[in-house]
Structures are given as C-alpha cells and as structure tokens.
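Visitor: sequence unknown, structure follows:
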C-alpha cells in the first residue's frame with residue numbers, strides 16, 4: 001500500500017463538486033481521511049472563492065493509473081481542460097505526494113511544489129498528517145506551516161471532517 005495525499009479544489013458548484021469528488025475517492029479507498037474543508041480566495045486570478053481540502057488515501061494503484069482515475073473523476077465533475085490555468089475551475093484533484101517519491105514520474109512532479117506555496121494545501125495537510133515529512137526533506141508539514149506566512153493567504157473553515165458537506 002502506498003500513502004498518497006491529494007489536494008482537491010473547486011470554485012464552480014462548490015458543494016456538489018466537492019461532495020461528488022470525495023465520494024468518488026472513497027471508492028478508491030473506503031478508509032479515506034479528509035482534512036477540514038476550507039474556503040480561500042482565488043490565487044493568481046480574479047474569480048469566485050474556492051473550496052479546498054486534502055485527503056489521504058492508502059492505495060495499491062500505480063501512479064499512472066491513479067492519475068487516470070483522478071482525471072475521470074475531475075471530468076465527471078465539471079473540469080474543463082481547455083480552460084486556462086487562471087480560469088475558474090470545476091473539480092481539480094492534484095497528486096501532492098505518492099509515498100516518498102521525489103522526482104518526475106509519468107509526467108507528475110513529486111512532491112507537488114504547491115505544498116509549500118499555498119495555505120489551502122499546507123494547512124489541510126497539517127490537519128491530517130502534521131508529523132509527516134515532505135518527501136525529500138526532514139521538514140514536517142507542521143514545521144512548514146509554522147514557517148509559512150499564514151496571514152498572506154487567509155482561510156475560512158467551511159466544514160469539519162469526516163462528512164464534510166454531508
């Protein structure tokens with residue numbers, strides 16, 4: 001089994017998209033662990049606020065198969081791949097970590113660089129795995145959060161786990 005952290009975000013039909021995405025991920029791992037659900041402002045463009053969370057899965061899927069499954073889930077929940085990266089988004093699911101892998105695998109850079117750049121990724125990781133270390137470093141997610149400029153990207157709790165939007 002490989003421990004995987006995934007980041008989820010959406011600013012289009014947020015409640016439905018997030019709920020459907022989490023339910024689809026539960027089919028990959030019934031023991032899914034979800035962070036709190038946060039609302040954050042769009043970063044890097046003008047747009048509606050996002051809902052964001054992080055989940056932990058323990059899976060046996062190879063990375064390429066996981067990515068294919070995630071694309072299917074995104075597509076079923078409003079992801080427009082033709083849209084620019086600065087457009088509003090239906091459900092977006094990013095592989096943040098895949099075990100302890102470091103490097104580029106099947107076109108996926110691991111760990112995802114967003115982890116240390118965005119509060120809406122880092123704080124949810126702290127919610128579910130504060131002592132886990134960012135692969136390739138000796139830094140825990142908690143230590144990274146403590147060093148992060150927490151005022152620069154305010155977050156608002158929308159729902160507590162495990163049901164989130166149920």
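Guide: That came in fine, so what should we check first? All values derive from a computational prediction rather than experimental measurement.

Visitor: just want the most central residue of this structure.
Guide: residue 7 (0.5 Å; C-alpha atoms, centre = their mean).

Visitor: and it, how close does it get to residue 112?
Guide: Distance from residue 7 to residue 112, counting by C-beta to C-beta, to the nearest Å: 7 Å. In this view, the C-beta of every residue, glycine as well, is placed from N, C-alpha and C.

Visitor: circling back to that earlier point, so what's the residue nearest to the centre of the chain up against?
Guide: 52-54, 93-94, 96, 112, 114, 120-121, 124 (C-beta atoms under 8 Å, 6 or more residues apart in numbering).

Visitor: let's see that with 10 Å instead.
Guide: The contact partners of residue 7, by C-beta atoms under 10 Å, 6 or more residues apart in numbering, come to 35, 52-55, 92-97, 112, 114-115, 118, 120-122, 124-125.

Visitor: next, it: phi, psi?
Guide: Dihedral angles of residue 7 (phi, psi; degrees, to the nearest 10) stand at phi -100, psi 130.

Visitor: equivalent analysis for residue 19, please.
Guide: phi -60, psi -50.

Visitor: on that earlier part again, in strands only, show me the contacts of residue 7.
Guide: Those of those mapping onto strands are 52-55, 92-97, per DSSP state E.

Visitor: check which helix or strand residue 72 maps to.
Guide: Element membership of residue 72 [criterion: DSSP states H and E] is helix 63-76.

Visitor: list the buried residues for the worst-scoring helix or strand of the chain on mean pLDDT?
Guide: Ranked by mean pLDDT, DSSP states H and E, the weakest helix or strand in the chain is strand 155-159, scoring a mean of 89. Neighbour-count burial for strand 155-159 flags 155, 158-159 (criterion: 16 or more other C-beta atoms under 10 Å).

Visitor: please name the bridge partners of residue 156.
Guide: Bridge pairing for residue 156 (DSSP bridges) gives the partners residue 39.

Visitor: what separates it from residue 90, distance-wise?
Guide: For residue 156, the distance to residue 90 - C-beta to C-beta - is 21 Å.

Visitor: and if you look at residue 29?
Guide: 22 Å.

Visitor: same question for residue 40.
Guide: From residue 40 to residue 90 the distance is 17 Å (C-beta to C-beta).

Visitor: check the ones in strands among the contacts of residue 7 against residue 67 and report the nearest one.
Guide: In terms of C-beta to C-beta, no member of the ones in strands among the contacts of residue 7 lies closer to residue 67 than residue 95, at 6.6 Å.

Visitor: for that closest one, which non-adjacent residue is spatially closest?
Guide: residue 108 (5.6 Å; C-beta to C-beta, 6 or more residues apart in numbering).
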